[in-house]
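Chemist: Got a predicted structure plus its sequence, pasted below:
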Amino acid sequence: MTDSLEIRNLRVAVDSREILKGVNLVVPKGEIHALMGPNGSGKSTLAQTLLGHPRYEVLEGEVIWKGQNILELSPDERARLGLFLAFQYPVEIPGVVLGNFLHIAYQAVKGVEIPIGQFNRMLMQKLRLLDMDSSFVSRNLNDGFSGGEKKRCEILQLAILEPEFAILDETDSGLDIDAVRIVASAFNKVYEQGNGNMGALIITHYSRILRYIQPLHKVHVMMDGRIVLSSGPEIVEELEEKGYEWLEEKLKGEETIVKTATNQ
């Protein structure tokens with residue numbers, strides 16, 4: 001049984017157009033990795049594929065977690081295996097109280113029944129951990145929430161479900177600087193509470209949220225449906241300063257040097 005999430009030669013199409021073109025990536029459990037890249041590079045496609053969105057057609061490849069190919073499993077089965085996805089655009093569901101939703105979600109993912117009183121005590125502990133007001137959970141799920149509140153709600157779900165591996169799909173999207181810092185701080189607290197045992201893949205277009213994530217073990221860059229670079233956290237500031245076009249030209253130059261050396 002592996003202690004890593006392993007993506008092997010993953011090819012995925014959307015509406016008959018290939019988006020992921022052979023993604024290979026390994027994220028060990030307990031490590032926080034970032035996946036960066038320009039818009040349209042396939043980052044969110046990867047996130048949705050990992051949790052089983054039916055729109056995304058797997059053409060080839062495997063995703064191995066706990067010794068099995070999760071691509072053969074339904075989304076709820078993947079969740080029960082300890083996987084979690086925080087959405088880029090959380091859905092508003094009027095009429096569904098957040099606290100009730102969390103209670104039902106916890107029981108479904110954990111496969112246990114827990115009395116509402118016992119669950120509420122646990123929920124209050126998580127709210128205190130994240131510095132969130134208790135009135136938050138009496139509101140309808142994401143209904144009328146600000147962008148920052150929606151993303152904090154995603155982190156609250158993360159704290160309640162305590163997954164073994166979390167994927168955050170552009171959680172910083174649409175947030176101002178203060179909201180990004182608050183959300184990142186909440187994520188750090190969840191990671192620390194789990195004693196660093198949770199693995200995570202943080203998908204982002206920008207560097208700003210990564211400045212607050214501690215620890216950040218590795219950064220991967222995706223372009224045109226492939227991982228083109230895996231590096232330490234230092235690449236984040238370099239990308240912020242020079243941009244993705246700089247990296248693309250740099251990689252082209254290195255490829256030319258290799259081909260020239262091979263032909264000599």
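Modeler: That came in fine, so what should we check first? Keep in mind that what you see is a predicted model, and the values were worked out from it rather than measured. Numbering: from 1, shown residues only.
Chemist: Is G82 in contact with A166, as I believe?
Modeler: No - applying Cβ atoms under 8 Å, one finds G82 not in contact with A166, separated by 9.3 Å. Yep, even glycine has a C-beta here, placed from its N, CA and C like the rest.
Chemist: Tell me which of those two has more neighbours.
Modeler: Applying other Cβ atoms under 10 Å to G82 and A166 shows that A166 carries more neighbours, namely 26 against 18.
Chemist: wait, doesn't the more buried one sit right on A200?
Modeler: Yes - A166 lies in contact with A200 (Cβ under 8 Å); the separation is 4.6 Å.
Chemist: Q118 belongs to a helix?
Modeler: Yes - secondary structure assignment (DSSP: H, G, I helix; E, B strand; the rest coil) places Q118 inside a helix.
Chemist: Buried residues of stretch 225-241, list them for me.
Modeler: Burial within stretch 225-241, assessed by neighbour count using 16 or more other Cβ atoms under 10 Å, is assigned to G225, I227, V228, L229, P233, I235, V236, L239.
Chemist: before we move on, what about stretch 183-199?
Modeler: For stretch 183-199, a neighbour-count test (16+ other Cβ under 10 Å) marks V183, A184, A186, F187, N188, K189, V190, Y191, G194, M198, G199 as buried.
Chemist: quick one: pLDDT of the closest residue to the second one other than its chain neighbours?
Modeler: Computed as Cβ to Cβ, 6 or more residues apart in numbering, the closest residue to A184 that is not its neighbour in sequence is Y212, at 3.5 Å. For Y212, the model assigns a pLDDT of 95.
Chemist: What residues does V27 make contact with?
Modeler: If a contact means Cβ atoms under 8 Å, 6 or more residues apart in numbering, then V27 has S4, L5, H33, F165, G199, A200, L201, K218 as its contacts.
Chemist: Kindly report the same for I213.
Modeler: I213 makes contact with I32, A34, A184, F187, N188, I202 under the criterion Cβ under 8 Å, 6+ apart.
Chemist: Then L130?
Modeler: With contact set as Cβ under 8 Å, 6+ apart, L130 has these partners: R152, I155, L156, A159, A186, K189, V190.
Chemist: Now, the buried residues of stretch 183-199 that are in helices?
Modeler: Using DSSP state H to define helices, the subset of the buried residues of stretch 183-199 located there is V183, A184, A186, F187, N188, K189, V190, Y191.
Chemist: sorry, back to before: ok, the contacts of L130 vs E77, which is closest?
Modeler: Minimum distance to E77 across those is 22.3 Å, recorded for A159 (Cβ to Cβ).
Chemist: CA atoms only: put whatever helix or strand the closest one lives in into PDB for me.
Modeler: With elements delineated by DSSP states H and E, A159 resides in helix 147-161, which encompasses its position. Included here for helix 147-161 are C-alpha records, laid out as PDB according to Å, rounded to 0.1, in the frame of the first residue of the first chain:
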ATOM      1  CA  GLY A 147     -16.200  35.100  -1.600                       C
ATOM      2  CA  GLY A 148     -14.000  34.900   1.500                       C
ATOM      3  CA  GLU A 149     -16.800  33.300   3.600                       C
ATOM      4  CA  LYS A 150     -17.400  30.600   0.900                       C
ATOM      5  CA  LYS A 151     -13.700  29.700   0.900                       C
ATOM      6  CA  ARG A 152     -13.600  29.600   4.700                       C
ATOM      7  CA  CYS A 153     -16.600  27.300   4.600                       C
ATOM      8  CA  GLU A 154     -14.600  25.000   2.400                       C
ATOM      9  CA  ILE A 155     -11.800  25.000   5.000                       C
ATOM     10  CA  LEU A 156     -14.300  24.300   7.700                       C
ATOM     11  CA  GLN A 157     -15.500  21.200   5.800                       C
ATOM     12  CA  LEU A 158     -11.900  20.200   5.500                       C
ATOM     13  CA  ALA A 159     -11.500  20.500   9.300                       C
ATOM     14  CA  ILE A 160     -14.600  18.500  10.000                       C
ATOM     15  CA  LEU A 161     -14.000  15.700   7.500                       C
END
